[in-house]
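[1] pasting the structure only:
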């Protein structure tokens, strides 16, 4: 098995399992799961996702969802390896999050959308504005209702991160920019003070989020000096609710 820089890294909330893209002995790319307790890795059976981009762990770490190559949203139980098709979702979905109440969030070209984990209709949470081409990679805040997402524009230097709320209508969402960035946000889900992880140059850094003012606090903490990224959109970083951090080195 060889690690493939072709999809996102996803660490379970309990920090015990890592989802990652890899190339197996048959030279086929696919989704793999690694146990950080036993240190064993194996491909996820029954899932056709050579470039896993849109996926999320359940809050209890017992299952995950993933959008496969046929646009089917699949739920995989890690104990039984059973696969359940939740829905078929057409369009270019980019990034996902799974809230504690069972609400799923997806990034799309129309804005961040939501849907129950049991299936149903996608409903808008945010709406792309003029000049924006995607609202992508929603990352839940510790309260499970707020989230940080990427507002991607055709000119990457104009792209920003912003704070949204699951329960607000698109017209009621804040338009304030949290940070100028064209990379997906990484939020530490279990922290008392919400922390945003992002790349500053090649280094992975962390800053606390002041939610009341929708700004970042001044203190910058460097966590890793050189971190790889997927294309120009996603840092190859995963963090669990209990603070475990996994990242791919720039040297890979």
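    That came in fine, so what should we check first? Computed from a predicted structure; not experimentally measured. Numbering: from 1, shown residues only.
[2] quick one: low-confidence ranges for the stretch 51-200 of the chain?
    Filtered on pLDDT under 70, the stretch 51-200 of the chain yields the residue ranges 51, 190-191.
[3] residue boundaries of the strands in it?
    For the stretch 51-200 of the chain, applying DSSP state E, counting those that start in this stretch gives strands covering 55-57, 63-67, 72-77, 83-88, 96-98, 103-106, 113-116, 123-124, 132-140, 146-153, 160-165, 177-180, 186-188, 195-200.
[4] how about those, which one is nearest residue 244?
    strand 186-188 (10.3 Å; Cβ to Cβ). Any C-beta I mention is one placed from the backbone N, CA and C, and that applies to glycine too.
[5] any idea how far that closest one is from the chain center?
    9 Å (Cα atoms, centre = their mean, to the nearest Å).
[6] so what does that strand touch, helix or strand wise?
    strand 132-140, strand 195-200, strand 237-239 (3 or more Cβ pairs under 8 Å, 6 or more residues apart in numbering; DSSP states H and E).
[7] Can you list the strands that that strand pairs with?
    Sheet pairing of strand 186-188 (DSSP bridges) gives strand 195-200 (antiparallel).
[8] buried ones in the partner strand?
    Within strand 195-200, the residues that qualify as buried are 195, 196, 197, 198, 199, counting by 16 or more other Cβ atoms under 10 Å.
[9] now residue 54, nearest residue through space, not along the chain?
    residue 67 (4.1 Å; Cβ to Cβ, 6 or more residues apart in numbering).
[10] list the contacts for the one you found?
    49, 53, 54, 55, 73, 74, 89, 93, 96 (Cβ atoms under 8 Å, 6 or more residues apart in numbering).
[11] who does the fourth one bridge with?
    Meaning residue 55. residue 66.
[12] Could you verify my assumption that it touches residue 8?
    Yes - assessed by Cβ atoms under 8 Å, residue 55 is found in contact with residue 8 at 6.8 Å.
[13] avg pLDDT for stretch 22-36?
    Averaged across stretch 22-36, pLDDT comes to 79.
[14] Can you give me the buried ones in it?
    Going by 16+ other Cβ under 10 Å, stretch 22-36 has these buried residues: 22, 23, 29, 30, 31, 32, 33, 34, 36.
[15] Next: stretch 167-179.
    Across stretch 167-179, burial judged by 16+ other Cβ under 10 Å covers 170, 173, 177, 178, 179.
[16] who touches residue 175 in this structure?
    129, 162.
[17] can we see that at 7 Å?
    Contact analysis of residue 175 by Cβ atoms under 7 Å, 6 or more residues apart in numbering lists nothing.
[18] picking that back up, looking at the strands of the stretch 51-200 of the chain, which is closest to residue 221?
    Checking the strands of the stretch 51-200 of the chain against residue 221 by Cβ to Cβ gives strand 195-200 as the closest, at 8.6 Å.
[19] Show residues contacting that closest one.
    Contacts for strand 195-200 (Cβ under 7 Å, 6+ apart): 148, 179, 181, 183, 185-188, 204-209, 216, 223, 227, 229, 235, 237, 239.
[20] Run the chain-centre distance for it.
    With Cα atoms, centre = their mean, you get 13 Å for strand 195-200.
[21] partners of the next helix-or-strand element following that strand, with directions?
    Following strand 195-200 in sequence order, the next helix or strand is strand 203-210 (DSSP states H and E). Note on strand 203-210: by DSSP bridges, its sheet partners are strand 195-200 (antiparallel), strand 215-216 (antiparallel), strand 221-224 (antiparallel).
[22] hang on, the earlier thing: tell me the one of the contacts of residue 67 nearest residue 17?
    residue 55 (12.4 Å).
[23] how far away is that closest one from residue 207?
    Separation of residue 55 from residue 207 (Cβ to Cβ, to the nearest Å): 26 Å.
[24] Which of the two has more residues huddled nearby?
    residue 55 (23 against 20; other Cβ atoms under 10 Å).
[25] Contacts only, for that one.
    Neighbours of residue 55 in contact, by Cβ under 7 Å, 6+ apart: 8, 10, 19, 64, 65, 66, 96.
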